[in-house]
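K.L.:
model this:
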Amino acid sequence: MPGPLSHVKVLDLSRIMAGPWASQLLADLGADVIKVERPGIGDDTRAWGPPFLKGRDGAETRESGYYLSVNRGKRSITLSIEKPEGQAIVKKLAAGADILLENFKVGTLARYGLGYDDLKAVNPRLIYCSITGFGQDGPRAATVAYDFLIQAMGGLMSITGEADGRPGGGPQKVGIPILDLMTGMYGAVSVLAALANREVTGRGDFIDIGMLDVQTAVLANQAMNYLLSGRTPQRQGNRHPNIMPQDVFACADGDVVLAVGNDGQYAKMCEALGRPELATDPRFAKNADRVRNKETLMPLVAEIFRQWKRADLVAALEKAGVPCGPINTVPQVFEDPQVKHRGMRMDLPHPSAGTVPSVKNPINFKDAALRYEHAPPLLGQHSDDILRELGLSDAEIAALRAGGVV
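P.N.:
Here you go, the predicted model:
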């Protein structure tokens, strides 16, 4: 079955993480994604290792794990967009594209004649998505940003980590580049919405996504807690600010996560633990009461959990329908029976390594197929093919390569 986006062409001028995450999602959904990279260097993340993929001979390739995680399913062409010949090729590619993704600094592509207004002139139906750290306007618009910086500036690190005064207390970033990933997801959603709107209007659009805007938006419940109360949210370690009991608890032989989400689950937990009186205690019967009395409740739960072996506790709570589980390492995640059953780890054919491991897209359609045909491309792997599709002869391609354009 063809992918849901098998009719869509994407010109990907982005690099690093946020834009490539969006374009990889589109590629998984079947879109033809052409990744434009700098000759000889390519996407910065190609060098963000170790680890690097090893070739058939055991030697390291130029593909880092970071790069491989966000570039599956694309075709790579190298182009020097600083040169007029490179700019002309980008315009030809844009003329036949549905979507363009880019994350250059504000105004950079316009200086090369590749801004939205320039490309709209050659393709009025083009959907042009620009991803930057701070958006297209405002006092910080020209400032460069990375995920780590935005996690700090956008408040995420102020609410992540153990509370001040406790062992390990202090601000912490999330263990994955969560803002890059969330920005990529917003980018993918926005271009698909514009694609749907184009079916009605016949026109493309310009989309401005700033990472700080994304971080502010995904403060979600923490933002609303502040806006409603006027109180500054604080780091609480693994506790939830609005739901109790949720935390990491020590059993007799290891730690577990407890994620009680409502009063019914709390009552079931108390019953399974042999402490039904805690469910009817007026201090704890309702979630709002448990939140207000958390400093009393949480030590009680901790003392009960310490009396259980981890496997026995997890089994008892799972049987009762209470969310509880071990804290897995990354290797343990890929050994989890549910993860294995869902086929989340897969291997793709790779031209220099034979195969490359990959993590499957979590979307599953009943009547459509996601596409996993191509490993993340070698630098410029498809340059000649793409240029021939534009009608260039082998001699013209050779001249472009000799001139440092390709």
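
K.L.:
which secondary structure element contains the spatially most central residue of the chain?
P.N.:
Using Cα atoms, centre = their mean, the residue of the chain that lies closest to the mean C-alpha position is residue 181, 2.3 Å off. Using DSSP states H and E, the secondary-structure element containing residue 181 is helix 178-201.

K.L.:
and for residue 35?
P.N.:
Using DSSP H and E, residue 35 maps to strand 32-37.

K.L.:
for that strand, packing partners?
P.N.:
Identification of packing neighbours for strand 32-37 by 3 or more Cβ pairs under 8 Å, 6 or more residues apart in numbering; DSSP states H and E yields strand 9-12, helix 18-28, strand 74-78, helix 84-95. C-beta here means a position set from N, CA and C on the backbone, and glycine is covered the same way.

K.L.:
per-residue confidence for residue 89?
P.N.:
Predicted confidence (pLDDT) at residue 89: the value is 98.

K.L.:
any idea how far the closest residue in space to it that isn't next to it in sequence lies from residue 23?
P.N.:
With sequence-adjacent residues excluded and distances taken as Cβ to Cβ, 6 or more residues apart in numbering, residue 89 is closest to residue 79, at 5.8 Å. Between residue 79 and residue 23 the computed distance is 16 Å (Cβ to Cβ, to the nearest Å).

K.L.:
so which of the two has more stuff around it?
P.N.:
Neighbour tally, residue 79 and residue 23, criterion other Cβ atoms under 10 Å: the higher count belongs to residue 23, 31 against 25.

K.L.:
so how far is residue 391 from that one?
P.N.:
Residue 23 sits 24 Å away from residue 391, taking Cβ to Cβ as the criterion.

K.L.:
what's the end-to-end length of stretch 17-37?
P.N.:
Across its full length, stretch 17-37 reaches 14 Å between end residues, using Cα to Cα, to the nearest Å.

K.L.:
pull out the buried positions in it.
P.N.:
Under the neighbour-count criterion of 16 or more other Cβ atoms under 10 Å, stretch 17-37 has 17-37 buried.

K.L.:
the strands in this structure, which residues?
P.N.:
All strands of the chain, identified by DSSP state E, fall at 9-12, 32-37, 52-54, 60-64, 74-78, 99-102, 127-132, 205-210, 246-251, 254-259, 324-326, 345-350, 354-359.

K.L.:
for residue 224, find the nearest of those.
P.N.:
Among the strands of the chain, the nearest to residue 224 by Cβ to Cβ is strand 246-251 (18.0 Å).

K.L.:
list the buried ones in the closest one?
P.N.:
Result for strand 246-251 [16+ other Cβ under 10 Å]: buried residues 246, 247, 249, 251.

K.L.:
neighbouring strands of it in the sheet, and parallel or not?
P.N.:
Strand 246-251 has the following strand partners under DSSP bridges: strand 254-259 (antiparallel).

K.L.:
how far is the partner strand from where the chain is centred?
P.N.:
In terms of Cα atoms, centre = their mean, to the nearest Å, the centre of strand 254-259 is found 26 Å from the chain centre.

K.L.:
give me the number of neighbouring residues for residue 256.
P.N.:
The number of residues packed near residue 256 is 21, by other Cβ under 10 Å.

K.L.:
same question, residue 296
P.N.:
As a burial measure, the neighbour count of residue 296 was computed by other Cβ under 10 Å and equals 12.

K.L.:
same thing with residue 180?
P.N.:
Counted with other Cβ under 10 Å, the neighbours of residue 180 add up to 26.

K.L.:
oh, and call the first residue 502 from now on, that's how I've got it
P.N.:
Done: numbering now begins at 502, and the last item shifts to residue 681.

K.L.:
quick check: closest non-adjacent residue to it.
P.N.:
With Cβ to Cβ, 6+ apart as the criterion, residue 681 has its nearest non-adjacent residue at 3.6 Å, and that residue is residue 518.

K.L.:
which residues does that neighbour contact?
P.N.:
With contacts defined as Cβ atoms under 8 Å, 6 or more residues apart in numbering, residue 518 is in contact with 546, 567, 571, 648, 678, 681, 682, 685.
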